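In: Kindly generate the corresponding structure for this input.
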Amino acid sequence: MVGLKYIGGVLVAIVLCGVIWLVHPAKEQVNQLEEQISRQYMFANFLLRDTVEDLLAWNFSQHLTEADEDYLEELSNELLYTTGLIFSGDVVHHEWRSRISDIQCYLSNYMSGTSLSEDDVADINQSLQTTRFITMDFNDYVDNTYDFYNAMHDEQHEMVERVKSRLASKY
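Out: The predicted model follows:
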């Protein structure tokens, strides 16, 4: 009986060691993946800010000319690509994602030849300014590369309130 308890205890210890041995590398891989995603967010944030600044220089009140179509299409594709990098996965900034989607809809309509109303132009410029300031805030408030992951996925991160504040502001 004592031998059976001893063998059972040894088996439990071996199983626990095996679980720890399997979980530790998995946790390390998760940490490495989060760090890679953080770098992706950081670089995409810079690209997004540059793209938004180029779009802010655009006069959406004027009709799109054929000469400008290629340039605006390039900017639209850059916006789509960078926001795809930033908002892929389950991020906590849903309202910001929605504003970016609005920008993409306005761009699509504008590029298809639909004139934007004064309200549409004001809204796209507001959303672009908001996004510009949010990208600047990410650079100011996110302490290190790894923290970009937390800023995009953690409801408790200070950037959640910062983004909400920017979305509520008028520019």
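In: Give me the helices and strands touching the helix or strand harbouring Leu167, please.
Out: Leu167 belongs to helix 158-168 when assigned by DSSP states H and E. Where contact means 3 or more Cβ pairs under 8 Å, 6 or more residues apart in numbering; DSSP states H and E, helix 158-168 is packed against helix 94-111, helix 118-141, helix 147-153. All C-beta atoms are positioned from the backbone trio N, CA, C, and that covers glycine.
In: most tightly surrounded among the ones you listed?
Out: helix 147-153 (a mean of 22; mean count of other Cβ atoms under 10 Å).
In: May I have that one as PDB, with CA atoms only?
Out: Extracted C-alpha coordinates of helix 147-153, given in PDB (Å, rounded to 0.1, in the frame of the first residue of the first chain):
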ATOM      1  CA  ASP A 147       3.700  48.000 -24.900                       C
ATOM      2  CA  PHE A 148       2.000  48.600 -28.300                       C
ATOM      3  CA  TYR A 149       0.400  45.100 -27.900                       C
ATOM      4  CA  ASN A 150      -1.000  46.000 -24.600                       C
ATOM      5  CA  ALA A 151      -2.200  49.400 -25.900                       C
ATOM      6  CA  MET A 152      -4.200  47.600 -28.600                       C
ATOM      7  CA  HIS A 153      -5.500  44.700 -26.600                       C
END
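In: Just the residues contacting that helix, thanks.
Out: 34-35, 37-39, 41-42, 45, 86, 89-93, 138, 141-142, 157-159 (Cβ atoms under 8 Å, 6 or more residues apart in numbering).
In: Now the buried members of the residues you listed.
Out: Buried residues within those, counting neighbours by 16 or more other Cβ atoms under 10 Å: 37-38, 41-42, 45, 86, 92-93, 138, 142, 157, 159.
In: Ok, which of the helices and strands packed on helix 158-168 comes nearest Leu75?
Out: helix 94-111 (7.9 Å; Cβ to Cβ).
In: That closest one to helix 158-168, inter-axis angle?
Out: 40 degrees (axes from the mean of the first three to the mean of the last three Cα atoms, to 10 degrees).
In: Quick check: chain neighbours aside, which residue is closest to the one residue sitting closest to the centre of the chain?
Out: Residue closest to the average C-alpha location in the chain (Cα atoms, centre = their mean): Ile86, at 2.6 Å. Distances taken as Cβ to Cβ, 6 or more residues apart in numbering put Ala44 closest to Ile86, at 4.9 Å, once the chain neighbours are dropped.
In: which residues touch that neighbour?
Out: Residues in contact with Ala44 (Cβ under 8 Å, 6+ apart) are 82, 85-86.
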